[in-house]
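Visitor: model the following, please.
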Amino acid sequence: MRRLLAAFLLIFLLSNVSFASPNEYEKLKIFAKVMAIIENNYVDNVSQTKLIDDAIKGMVNSLDPHSSYMTKEEYKELKITTTGKFGGLGMVVTMKDGILTVVSPIEDTPAYKSGIKAGDAIIKINGESTLGMTLEQAVKLLRGKPGTKVTITVLRKTEKKPFNLTITRAIIHVKSVKFKKYGNIGYVRITQFQSGTTKELKSALSKLGKIKGLVIDLRNDPGGLLREAIGVGDVFIKKGVIVSVRGRNKGDVQYFYARDDGSEPTYPMVVLINAGTASAAEIVSGCLKDHHRAIIMGIRSFGKGSVQSIIPLGDGSALRLTTARYYTPSGKSIQAVGIEPDIVVKQVKIVEENSNGYSLRESDLIHHLNNPQAKKLKKDGDFEKELKNDYQLLRAIELIKAEDLVCKTRQSQ
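Guide: Presented below is the predicted three-dimensional model:
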């Protein structure tokens, strides 16, 4: 019976391979032979279905970190994550050199609040090693019923040894766009590109009102929907290519263009990026950089410039296959190189010079003359304190202020 199955498998494989060379046919014969040997001689009984599933997974996983074969159950899990509610930690992970690695924690989620950082390697989940796991298997272990706990073992470059984090799962609700004002400078944070992000951005810009400049914060933004990245780019670009998507064949190219609707803002802009800025967030960064519409500040981004297509298979399983690459308007591939900032600014902690909390000014002298024109001086408030805790944002706002001052100086000459 097992030999019959192996023979049937060989016939099926040969009938579904187009234009295979004699050597490739021989390899398929060896594949069927190895399967038959395992079934007849392996020390334990093995499932024929599992052997075939694992063989397919090994083949697909060898292509790149983002391509994968999903069994019927795994494909069902994927559809839950994109259409329904599920308990999770709130972070985007990938396989990097066979190691489960955090691309980015999502803001305001359990993972973010626990201190998970982009680049962290997760080497164990509830004591089980992630080495050799597929991405889908690892994600399934991380997810679970809201309110339950999961313990992950993290390896971080800045730490001497691995450490454990116990995180409580929760329903992940992500607010895509947040905004506020720093004086007359607008600040917009895009946490990820999901359905409605472009609409939320336009609403935020409208509520910010008249501003002299804008900081767009794409740090730790893991990306998301291509259409929303195109929509966000179109908000700021009057004309030209936003992004192109190119497949294996020369003719398999799609260009996505900006449309001039007359509402594009003209104020100066700075985009903040870091190693957790990935995929759709890199598309927006690359678009604004190539069109010289914004200054990119921070550190080099993640470098995910590939497109994955979900291809359902007949038995309920599916294939996630990398089918194309993203290119910036100037024709540069993002893949594995990311977006280089115009101004490199690493995140550092600001330490004030020790003045023992005391300084002497004219206003401190007894019987000093009053200035009737002087406005009441205000002490450092929340605005200043927040910027002191975020050096990259401080530099971005300072750059926009400097540009405004330079413009005023030139106008006065």
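Visitor: can you classify Tyr326 as helix, strand or coil?
Guide: Assigned by DSSP: H, G, I helix; E, B strand; the rest coil, the conformation of Tyr326 is strand.
Visitor: tell me what it is bridged to.
Guide: Judged by DSSP bridges, the bridge partners of Tyr326 are Val245.
Visitor: per-residue pLDDT of it, please?
Guide: The score at Tyr326 is 95. That number is its pLDDT.
Visitor: ok, it - contacts?
Guide: For Tyr326, the contact set (Cβ atoms under 8 Å, 6 or more residues apart in numbering) comprises Val243, Ser244, Val245, Glu282, Ile283, Gly305, Ser306, Val307, Ser333, Ile334, Gln335. C-beta here means a position set from N, CA and C on the backbone, and glycine is covered the same way.
Visitor: could the residues you listed go into TSV alongside secondary structure?
Guide: TSV is the format used below for the contacts of Tyr326 (three-state DSSP):
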residue	secondary structure
Val243	strand
Ser244	strand
Val245	strand
Glu282	helix
Ile283	helix
Gly305	coil
Ser306	strand
Val307	strand
Ser333	strand
Ile334	coil
Gln335	coil
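Visitor: which of those residues count as buried?
Guide: Using 16 or more other Cβ atoms under 10 Å as the burial test, the contacts of Tyr326 include Val243, Ser244, Val245, Glu282, Ile283, Gly305, Ser306, Val307, Ile334, Gln335 as buried.
Visitor: now, which of the residues you listed sits nearest His367?
Guide: The nearest member of these to His367, counting by Cβ to Cβ, is Glu282 at 61.3 Å.
Visitor: any idea how far the closest one is from Leu226?
Guide: As judged by Cβ to Cβ, to the nearest Å, Glu282 and Leu226 stand 12 Å apart.
Visitor: again, but for Arg361
Guide: Counting by Cβ to Cβ - Arg361 and Leu226 are separated by 56 Å.
Visitor: ok, these two, which is more surrounded?
Guide: The residue with more neighbours, out of Arg361 and Leu226, is Leu226; 18 against 8, by other Cβ atoms under 10 Å.
Visitor: measure the nearest residue to that one once chain neighbours are set aside to Leu100 for me?
Guide: Spatially, and ignoring its direct neighbours in sequence, Leu226 is nearest to Ala280 (6.3 Å; Cβ to Cβ, 6 or more residues apart in numbering). To Leu100, Ala280 is 22 Å away according to Cβ to Cβ.
Visitor: more neighbours, those two?
Guide: Neighbours were counted for Ala280 and for Leu100 using other Cβ under 10 Å; Ala280 has more, 29 against 26.
Visitor: shouldn't the more buried one be in contact with Ala229?
Guide: Yes - using Cβ atoms under 8 Å, Ala280 makes contact with Ala229 at a distance of 3.7 Å.
Visitor: shared neighbours of those two, anything?
Guide: Common neighbours of Ala280 and Ala229 (Cβ under 8 Å, 6+ apart) are Phe193, Gly223.
Visitor: which residues of the stretch 151-300 of the chain fall in strands?
Guide: Using DSSP state E, counting those that start in this stretch, the strands of the stretch 151-300 of the chain run over 163-168, 170-171, 177-182, 185-190, 213-217, 241-246, 253-257, 269-273, 295-298.
Visitor: list the helices and strands the second one packs on?
Guide: Counting contacts by 3 or more Cβ pairs under 8 Å, 6 or more residues apart in numbering; DSSP states H and E, strand 170-171 packs against strand 87-88.
Visitor: neighbouring contacts of the strand it packs on?
Guide: In contact with strand 87-88 (Cβ under 8 Å, 6+ apart) are residues 81, 109, 142-148, 169-172.
Visitor: shaky segments in this protein?
Guide: Counting by pLDDT under 70, the chain shows low-confidence ranges at 1-20, 80-86, 354-358, 375-384, 413.
Visitor: domain-wise, how is it divided?
Guide: 2-70, 74-171, 177-344 (automatic domain parsing).
Visitor: returning to that earlier point: contact partners for the residue nearest to Leu226?
Guide: Listed by Cβ under 8 Å, 6+ apart, the contact set of Ala280 reads Phe193, Asp221, Gly223, Gly224, Leu225, Leu226, Glu228, Ala229.
Visitor: closest to Thr409 out of those?
Guide: In terms of Cβ to Cβ, no member of these lies closer to Thr409 than Asp221, at 34.8 Å.
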